[in-house]
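Colleague: Kindly generate the corresponding structure for this input.
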Amino acid sequence: MPLVAIVVAALAIGFEQLVQWKYGPMGIIAFVALSIGIKAKNTTISGIGAVILVMLLAQSN
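Modeller: Coordinates of the predicted model:
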């Protein structure tokens, strides 16, 4: 079980670094807002994070 937790944490950190590298500080803010909103079961915060990420993705294309 601890191995699974370590792998999941490593994947989460890797994804976070990828978002920060590609989308800058706004990407990491959006990712954190989305994560906090999901963990707190707060749809407003997770919605704000999701909207920011979608806007960043649409801007890059």
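
Colleague: ranges for the helices of this protein?
Modeller: All helices of the chain, identified by DSSP state H, fall at 2-40, 43-60.

Colleague: want to try a markdown table for the ones you listed, with mean pLDDT and mean neighbour count as columns?
Modeller: All C-beta atoms are positioned from the backbone trio N, CA, C, and that covers glycine. Below are the helices of the chain laid out as a markdown table (pLDDT from 0 to 100; neighbours: other CB atoms under 10 Å):
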| stretch | mean pLDDT | mean neighbour count |
| --- | --- | --- |
| helix 2-40 | 85 | 13 |
| helix 43-60 | 88 | 14 |
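
Colleague: Now do the same contact list for residue 24.
Modeller: By CB atoms under 8 Å, 6 or more residues apart in numbering, no residues touch residue 24.

Colleague: what's the distance between it and residue 55?
Modeller: 13 Å (CB to CB, to the nearest Å).

Colleague: Residue 5 now?
Modeller: Residue 5 sits 32 Å away from residue 55, taking CB to CB as the criterion.

Colleague: next one: residue 32
Modeller: Relative to residue 55, and taking CB to CB, residue 32 is found at 16 Å.

Colleague: Residue 41 now?
Modeller: 23 Å.

Colleague: Also residue 34?
Modeller: 13 Å.

Colleague: Residue 16 now?
Modeller: In terms of CB to CB, residue 16 sits 19 Å off from residue 55.
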